[in-house]
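Build me a model:
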Amino acid sequence: MLEEEDQKKPGEGEAPPSETMLTESRDPDEAVIAEQAILHYVHWVLEEVQESIVDAVDSFGTWVISQADPSIFDNPAFFDQTGRAFLSQMSALFGGATPIYQHLCGQLDGAVDQAASQEVQAPLFVHELARATRDAMWYLRDNLQTILSNQWDQLRDLAYEGSTEFIPLVHMLGLPTVDLDASQIASALVDEGERFRLTIPAAKEEATKDAGIDADPESESKAEAQKQTFDDEAGEKQQTA
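A predicted model of the protein is given here:
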């Protein structure tokens with residue numbers, strides 16, 4: 001029996017080391033390098049994404065001021081509708097229920113609501129959407145490790161020894177890809193602007209009705225003719241009397 005025990009290989013029959021033990025046994029410098037790799041990659045992606053989104057918002061702003069009467073968009077209802085469309089696009093871009101967007105949505109919601117309540121001109125409101133985008137990207141850059149605190153050890157383990165295996169995971173957690181189609185964001189905002197513009201004639205017509213004004217020039221002419229006929233008939237009656 002003793003001979004059989006002596007013949008066992010070192011470590012045979014022992015439990016494998018846990019992930020915690022492996023992590024603790026690694027060189028601390030390797031952990032720092034792994035974290036730097038994660039942050040460097042995420043910062044690069046966020047910089048590219050920020051530029052694409054801001055370009056899309058600026059493109060929408062150009063569309064607004066290029067309209068025949070841009071002042072029709074100086075309307076709180078337009079700000080509200082456009083803000084909701086922008087947030088919807090950002091939610092789709094960051095994966096909606098992902099850890100990253102769950103932390104980001106509060107930042108964006110507050111910035112968009114503030115812009116909608118404070119701005120009175122559409123170009124300035126659109127400018128604030130671009131500012132909200134920049135602030136959101138900076139927030140993610142500066143708080144990434146806190147935002148992903150529950151997944152950070154796993155990401156770091158996947159980044160050891162120069163490995164890029166962490167990249168698919170960080171995207172699953174909500175980081176957008178650099179090859180996003182920003183034109184979809186601009187198109188969604190323009191579509192919202194078109195929908196709002198279609199409501200303007202109906203709103204003006206309703207307003208004139210409420211004020212007791214007939215907006216139809218032909219109807220106005222008929223009313224004037226009827227009034228003139230009435231006056232003429234009244235004059236003739238007076239003369240006859």
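
C-terminal to the longest helix along the chain, what's the next element?
In the chain, taking DSSP state H as the definition, the longest helix is helix 28-65. Using DSSP states H and E, the helix or strand that follows helix 28-65 towards the C-terminus is helix 76-93.

ok, the closest residue to Ile147 other than its chain neighbours - contacts?
Nearest non-adjacent residue to Ile147, counting by Cβ to Cβ, 6 or more residues apart in numbering: His103, 4.7 Å away. C-beta coordinates here come from the backbone N, C-alpha and C atoms, glycine included. Neighbour list for His103: Leu140, Asn143, Ile147 [criterion: Cβ atoms under 8 Å, 6 or more residues apart in numbering].

again, but for Gly110
With contacts defined as Cβ under 8 Å, 6+ apart, Gly110 has no neighbours.

Ok, Phe166 next?
Applying Cβ under 8 Å, 6+ apart, the residues contacting Phe166 are Ala37, Ile38, Tyr41, Leu155, Arg156, Leu158, Ala159.

Over to Leu173?
Gly95, Thr98, Pro99, Ile100, Leu148, Gln151.

do that again at 6 Å, thanks
Thr98, Pro99, Ile100 (Cβ atoms under 6 Å, 6 or more residues apart in numbering).

what's the neighbour count on the residue nearest to it when sequence neighbours are not counted?
Once flanking residues are discounted, Leu173 sits nearest to Pro99: 5.2 Å by Cβ to Cβ, 6+ apart. A count of nearby residues for Pro99, using other Cβ atoms under 10 Å, gives 17.

per-residue pLDDT, Pro99?
Note for Pro99: predicted pLDDT of 94.

picking that back up, tell me what angle the longest helix of the chain forms with helix 76-93.
In terms of direction (axes from the mean of the first three to the mean of the last three Cα atoms, to 10 degrees), helix 28-65 departs from helix 76-93 by 150 degrees.

Reformat the contacts of His103 as JSON lines; add pLDDT, neighbour count and secondary structure.
Output for the contacts of His103, formatted as JSON lines (pLDDT from 0 to 100; neighbours: other Cβ atoms under 10 Å; DSSP: H, G, I helix; E, B strand; the rest coil):
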{"residue": "Leu140", "pLDDT": "93", "neighbour count": "25", "secondary structure": "helix"}
{"residue": "Asn143", "pLDDT": "94", "neighbour count": "14", "secondary structure": "helix"}
{"residue": "Ile147", "pLDDT": "94", "neighbour count": "20", "secondary structure": "helix"}
